[in-house]
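1. Predicted structure and sequence below. I'll ask about it afterward.
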Amino acid sequence: MAFPDPRVERHLIADEGEFVVDEVRKHWAAVVGAILEALAAIPVLLLILWLPSQAYWVPLLLSLALLVHATWRILGARMDRFVITNMRVFRVHGILTQNIATMPLARILDISVHRPLIGRILGYGHFVFESAAQEQGLRDIRFVPKPNERGLTIQRVIQRAGLRGSTQSWRQDDERREREAAEAAAAAAAAAVAAPIAAPQYSTSDTAELPGEDHNTTAEMPWWRAQ
């Protein structure tokens, strides 16, 4: 374990199967200002050569203050980690006092990636999270290396967790139900058409006599046989 290290594994819910998908350290551009501040201590210290001997302590204290402040900023950037797990995203930061801000995947509504011109050249960007409840310390994640790849990683984790696009899922379920109902109705109609039509059965007793038909055979017999 390298010093300093925030040891993010201590904050995982191991008994629930949580694991780290990606641990994001700040881009080196985040400490450029601190490095320049530390380098500025050198010319300040060199002022001793031109100042009276009685005032030597002034540039000495100024250079020491610049060096300490720059070191503090570098340590702060080193201890600032953004962690993506299979259950949530969280940020750990702080040197002496450690702060943790966490956000479940279910609360992430949108992720915006801002890449300034210098960020596009050096390969970093800034995340802006839109969530159901804006957690302090997690809305803006600055100096993220390879921001597009990290953004896709978060999207994949959300998709695998089944938490993205609930409205779309409901719409797909409704369409599926309507499609199944239409298919069932079509199958029922096809079965009705394919069923054989039974011919009606009539008995001799139910046969109706035609109107006007004379069943008196005597009237049709010749006269000599009718006697």
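-> That came through fine. Numbering: from 1, shown residues only.
2. quick one, phi psi at the residue nearest to residue 122 when sequence neighbours are not counted?
-> Spatial nearest neighbour of residue 122, chain neighbours left out: residue 29 (5.3 Å); criterion: CB to CB, 6 or more residues apart in numbering. In short, each C-beta sits where N, CA and C put it, glycine included. Taking degrees, to the nearest 10, you get phi -60, psi -20 for the backbone angles of residue 29.
3. Distance-wise, check residue 29 relative to residue 144.
-> Counting by CB to CB, to the nearest Å, the gap from residue 29 to residue 144 is 11 Å.
4. If you count surrounding residues, which of these two has more?
-> residue 144 (25 against 17; other CB atoms under 10 Å).
5. what residue is smack in the middle of the chain?
-> residue 158 (3.4 Å; CA atoms, centre = their mean).
6. ok, that one to residue 83 distance?
-> 15 Å.
7. Repeat that for residue 60.
-> From residue 60 to residue 83 the distance is 41 Å (CB to CB).
8. Those two: which has the busier surroundings?
-> In this view residue 60 and residue 83 are compared by other CB under 10 Å, and residue 83 has more residues nearby, 21 against 14.
9. Provide a list of residues in contact with that one.
-> By CB atoms under 8 Å, 6 or more residues apart in numbering, residue 83 lies in contact with 8, 11, 20, 22-24, 89-92.
10. again with residue 48
-> Residue 48 neighbours (CB under 8 Å, 6+ apart): 56, 59-60.
11. Show me where the protein has its helices.
-> Along the chain, the stretches classed as helices by DSSP state H are 32-46, 57-78, 117-122, 147-161, 166-194, 217-220, 223-226.
12. if you skip the residues just before and after it, what's nearest to residue 139?
-> Nearest one to residue 139, counting by CB to CB, 6+ apart, is residue 129 at 5.5 Å.
13. Can you spell out which residues form a bridge with the one you found?
-> Under the criterion DSSP bridges, residue 129 forms beta bridges with residue 111.
14. wait, it sits on residue 144?
-> No - taking contacts as CB atoms under 8 Å, residue 129 lies outside contact range of residue 144: 11.6 Å.
15. Right, I'll leave it there.
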